[in-house]
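> sequence and predicted structure below; questions after.
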Amino acid sequence: MSPTRLTRIDATDGRDVHGDLPRPRVDLSTARDGVEETIAAVRDQGDAAVAARNDIYDGQGRLDMRVPAALLQDALDGLDADLRAALERAADQVRWFHERARPVDWSDARGGARMGQWHRPVQRAGIYVPGGKAAYPSTVVMTVVPAQVAGVESLVLCTPPTGEDGWPDRTILATAALLGVTDVVAAGGAQAIAAMACGTETIDPVDMVVGPGNLYVSLAKQRLAAEGLVGIDGYAGPTEVAIVADDTADPRLVAADLVAQAEHDELATCLLVTSDPDLVDAVETALAVEVAGTRHRDRVEAALAGQGTAIVVADLDQAVVVAEQFAAEHLEVHTRDAQDVAARIRFAGTTFIGASTPVSLGDYASGPNHTLPTSGTARFTGGLSTSSFMVPVNWVAYDDDALAELAPTVMALSAAEDLPAHGRAVQIRLDRLEQGDGSDGRATGGGS
């Protein structure tokens with residue numbers, strides 16, 4: 001059996017490979033135009049525009065998009081017992097992790113001033129669960145559980161209508177019901193994102209939209225967030241994995257993990273960064289076996305042909321630099337002292353450390369979220385978490401002495417910026433303190 005080839009880049013001379021890092025090629029201009037058109041239509045026509053686009057993209061265009069409570073319950077009642085147990089275990093693990101990631105309020109004193117930070121959950125959040133090539137009940141768990149841990153008051157879950165009856169996948173509905181989500185809408189794509197952000201006859205507008213999706217979903221989230229209509233969790237587009245490995249790595253495990261990522265989508269990116277040239281040959285041989293035996297072979301082969309890349313570096317120090325530049329959604333480390341090497345790579349959505357920790361664990365049940373930043377955005381943002389649903393509110397309270405102590409600083413800066421009313425707002429308080437009579441400055445007068 002002939003090896004499955006990866007695009008090989010020799011960087012053993014230490015050269016900068018930033019411009020050679022694999023990324024899927026997409027037509028952003030056309031996609032943006034389509035998203036703009038969809039958003040405008042949903043704003044103008046509401047449910048009718050959502051239904052029309054559901055019909056175009058999913059073959060289902062029903063106007064009564066809200067999933068009936070009876071159908072949610074029927075889906076839950078019909079859920080396979082083993083799958084239900086797996087979902088319950090995954091939800092428990094994910095909840096445990098996100099409870100510990102929940103931001104903590106704090107307060108402290110400095111001089112006569114007290115200050116701190118409160119964390120307030122958003123009032124209403126929109127959850128997007130994609131359809132397309134597969135059903136993702138795991139995404140229901142990953143998006144709903146942290147919102148619940150954060151204390152979000154109201155949730156709506158949108159997912160495409162994929163069944164012949166015009167309703168979504170029953171496993172997704174069952175998982176929503178299992179987690180207590182009662183507001184579920186059969187809507188997918190950019191139209192679902194626009195509906196949650198703008199509101200329609202069926203969907204009340206939300207404060208936050210989260211969840212992975214295709215390019216159109218991701219662009220719609222970015223576009224609506226730029227207007228200030230909703231908060232979003234980041235750019236979660238076509239999936240990707242980077243594996244940093246040395247001569248201790250098992251090529252069969254590396255190959256299996258590359259294929260596992262490639263089966264998501266033809267646009268999936270699979271990157272191997274290694275200091276061992278012989279490992280690339282061994283991985284390619286193992287890939288041939290894995291690809292031949294996988295169910296979604298066409299999809300996997302397309303992803304590996306398009307974005308499958310192996311970068312051979314001089315040493316692990318260079319591997320760390322390359323991995324940071326790529327800033328992978330998923331990063332695996334298969335090296336000696338894997339914990340130490342992983343800690344040196346500053347940017348990744350989630351880092352999976354050691355040969356016994358494949359990305360598949362994180363996709364389903366290890367604890368951290370699987371809704372993660374892609375396309376290098378892990379350089380400046382993290383994955384979905386409890387804090388994604390919480391707004392940090394700063395607070396400050398100064399007493400009179402603390403006000404007087406800080407006043408000269410404020411007065412000097414307000415003068416430097418030619419904003420005298422800022423200084424006046426402080427000075428008038430100092431004047432009141434000097435009066436010493438507690439006067440609030442209101443005029444008083446007698447009546448005749």
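Now that the structure is in, tell me what you want to look at.

> hey, which helix is longest across the chain?
Counting residues, the longest helix in the chain under DSSP state H turns out to be helix 81-100.

> neighbouring contacts of that helix?
Residues from elsewhere that reach helix 81-100, judged by Cβ atoms under 8 Å, 6 or more residues apart in numbering: 79, 137-138, 141-142, 145-146, 148-149, 171, 174-175, 178-179, 364-369, 385-386. Where C-beta positions appear, they are placed from N, C-alpha and C, glycine not excepted.

> would you say Val156 is within a strand?
Yes - according to DSSP: H, G, I helix; E, B strand; the rest coil, Val156 belongs to a strand.

> tell me the contacts of it?
Taking Cβ under 8 Å, 6+ apart as the test, what Val156 contacts is Arg124, Ala125, Gly126, Ile127, Asp183, Val184, Val185, Met196, Ile203, Asp204, Val206.

> distance of it relative to Ile193?
Relative to Ile193, Val156 is positioned 12 Å away (Cβ to Cβ, to the nearest Å).

> okay, and the common contacts of those two?
Contact criterion Cβ under 8 Å, 6+ apart; residues shared by Val156 and Ile193: Gly126.

> the helix or strand just after the longest helix of the chain - contacts with which helices or strands?
Next helix or strand after helix 81-100 toward the C-terminus (DSSP states H and E): strand 106-110. The contact analysis (3 or more Cβ pairs under 8 Å, 6 or more residues apart in numbering; DSSP states H and E) places strand 106-110 against strand 113-121.

> adjacent strands (with direction) for the strand it packs on?
According to DSSP bridges, strand 113-121 forms sheet pairs with strand 106-110 (antiparallel), strand 390-398 (antiparallel).

> winner for burial among the ones you listed?
Greatest average neighbour count among the strands paired with strand 113-121 goes to strand 390-398 (a mean of 13), per mean count of other Cβ atoms under 10 Å.

> show me what contacts Ala303?
Counting by Cβ under 8 Å, 6+ apart, Ala303 touches Gln261, Ala262, Glu263, His264, Asp265, Glu266, Leu267, Ala268, Thr269, Cys270.

> for those, which single residue is the most surrounded?
Ranked by neighbour count (other Cβ atoms under 10 Å), the contacts of Ala303 have Ala262 at the top, with 31 neighbours.

> show me the shaky parts of the chain.
Per-residue confidence for the chain (pLDDT under 70) gives these ranges: 1-2, 437-448.

> strands of the stretch 151-300 of the chain, residue ranges please.
154-159, 184-186, 208-210, 231-232, 240-245, 269-274 (DSSP state E, counting those that start in this stretch).

> give the other helices and strands that the shortest one contacts.
In this case it means strand 231-232. Contact here means 3+ Cβ pairs under 8 Å, 6+ apart; on that basis strand 231-232 packs against strand 208-210, helix 215-226.

> how far does that strand sit from the chain's center?
10 Å (Cα atoms, centre = their mean, to the nearest Å).

> that one: partners in the sheet, and parallel or antiparallel?
For strand 231-232, pairing defined by DSSP bridges yields strand 208-210 (parallel).

> kindly report the same for the fifth one.
The partner list of strand 240-245 in its sheet, established with DSSP bridges, is strand 269-274 (parallel), strand 330-334 (parallel).
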